[in-house]
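Visitor: Provide a 3D model corresponding to the input given below.
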Amino acid sequence: MLFTELQIIEPILNALHEEGYTSPTPIQQKAIPIILKGKDLLGCAQTGTGKTAAFAIPMLQLLSKPFAQRPGEKNIRALILTPTRELAIQIEESFKAYGRHLRLKPLVIFGGVSQVPQTQALQRGTDILVATPGRLLDLMNQGFINLKDIEIFVLDEADRMLDMGFVHDVKRVITKLPKKRQTLFFSATMPMEIQSLANAILTEPEKVEVTPVSSTADTIQQSLFYVDKENKKSLLNFILEDKEIKSALVFTRTKHGADKVVKELIKINIKAEAIHGNKSQNARQRALSNFKDRTTRVLVATDIAARGIDVDELTHVINYELPNIPETYVHRIGRTGRAGLSGIAFSFCEEEEVAYLKDIQKLIGKPIPVNSSHLYHVEFKPQGKFAPAPKKPQGGRPNNNRKPNKPLK
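Guide: So this is what the prediction gives:
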């Protein structure tokens, strides 16, 4: 299927063509026609499936229709609520790219930076507001934002909102929205609390589900490395000796751990930067930009950034520490293997993390193949249904030969 078959208007098709996109992903094929009909939508899709474009493209088309603006008013017509600053910025960039030939003005607001530029932009007027919950509520309380004219509301990464403790903020925002609106609800996983929230805010929604809940993409080659805690640093250095690994996203559980990994990599002349909640917004954006343009080879991140980092053709994700929440594993490795591309995910597991591994393998429904050929391999593994069998020695490093194509985010 081509985008031209989805009844998308010419200005948006031209923008997609200029971006180099011709074929929609499965979630885009299913969601765009539903949204264009003005229906509520419940989308269950793992990260990397092209979800942002699935709602941005039809929203731009719906909002491009003539609108009776009252004299002197600058109405916000659409709101996208998302959990992290990085993801909010990415979404605004998508609206700008796909709507470059339309007269619609998107704006992003988030915390951690001065509110002055954001309030000045709000006073100039915006059609589409992308926001994180805390800054949105703050500016609403100060009188800078009124949501009474919202026509389309998007709640993105709903399960991540729950994980980060934003669910009460989300509910407060919803009470300020007009009852008559179109609501689009997206979540990578659908635990009971998220399903209850969806039931409360959606009206006769159509459901779109393109992959099983909490599954990992088949395009991602996963490997497990059993290693003692004190040898993780050496194992990471060994893996990064492979010059075919042009860029790698490394995950730790803590901010301190991320900074420590960066310091160790810099000692061996590997350009690395950290991105986590203690960094200023400018520092986070600078680190992400350096990683995207390959100035920085390794970006070390905590889970707060797991869904906000969107890098074209990222080949490797490395779990330096396994997450204690199994769904987080899916989100982490979903940074690679996006939109049909192949990707590689390495996971280090020390003895104290074996319980986390068991939960992860139970969630994804399959064992993670073990690479036992590296110098730091130790013997400890989970017992039971998903106890993985070691792979035959492969030199410790994967084949990185792949032919990238350009996915639509």
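Visitor: Is it correct that Thr296 is in contact with Ala274?
Guide: No - judged on C-beta atoms under 8 Å, Thr296 makes no contact with Ala274 at a distance of 10.2 Å. Just so you know, the C-beta spots here come from the backbone N, C-alpha and C atoms, and that holds for glycine as well.
Visitor: and the two? which has more neighbours close in?
Guide: With other C-beta atoms under 10 Å as the criterion, Thr296 and Ala274 differ in neighbour count, and Ala274 comes out ahead with 26 against 20.
Visitor: sorry, back to before: which residues do Thr296 and Ala274 both contact?
Guide: Any residue near both Thr296 and Ala274 by C-beta atoms under 8 Å, 6 or more residues apart in numbering counts here, and that gives Ala287.
Visitor: Let me know the secondary structure of the nearest residue to Asn324 once chain neighbours are set aside.
Guide: By the measure of C-beta to C-beta, 6 or more residues apart in numbering, the closest residue to Asn324 outside its immediate chain neighbours is Tyr356, 5.5 Å from it. Taking DSSP: H, G, I helix; E, B strand; the rest coil as the rule, one finds Tyr356 in the helix state.
Visitor: so how far is Ile239 from Tyr356?
Guide: Going from Tyr356 to Ile239 by C-beta to C-beta, to the nearest Å gives 20 Å.
Visitor: what's the answer for Leu136, then?
Guide: Taken as C-beta to C-beta, the spacing of Leu136 relative to Ile239 amounts to 41 Å.
Visitor: ok, now Ala345?
Guide: Counting by C-beta to C-beta, the gap from Ala345 to Ile239 is 12 Å.
Visitor: got any residues that touch both of those two?
Guide: Both Ala345 and Ile239 are contacted by Ile318, under the criterion C-beta under 8 Å, 6+ apart.
Visitor: of the two, who's got more company?
Guide: When Ala345 and Ile239 are compared for neighbours, Ala345 comes out ahead with 26 against 22, by other C-beta under 10 Å.
Visitor: Can I take it that the more buried one is in a helix?
Guide: No - per three-state DSSP, Ala345 lies outside any helix segment and is strand.
Visitor: contacting residues around the residue nearest to it when sequence neighbours are not counted?
Guide: Ranked by C-beta to C-beta, 6+ apart and with sequence neighbours excluded, the top spatial neighbour of Ala345 is Ile333, at 3.9 Å. Residues touching Ile333, when contacts are defined by C-beta under 8 Å, 6+ apart, comprise 216, 220, 222, 317, 319, 343, 345.
Visitor: which intervals of the stretch 51-200 of the chain have sub-threshold pLDDT?
Guide: Low-confidence segments of the stretch 51-200 of the chain, defined by pLDDT under 70: 67-73.
Visitor: Could I get the pLDDT score of the residue lying closest to Ser23 once chain neighbours are set aside?
Guide: Of all residues not flanking Ser23 in the chain, Leu2 sits nearest, at 5.9 Å (C-beta to C-beta, 6+ apart). Model confidence at Leu2, expressed as pLDDT, equals 90.
Visitor: Can you verify my assumption that Leu2 contacts His17?
Guide: No - with contact defined as C-beta under 8 Å, Leu2 does not count as touching His17 (10.7 Å).
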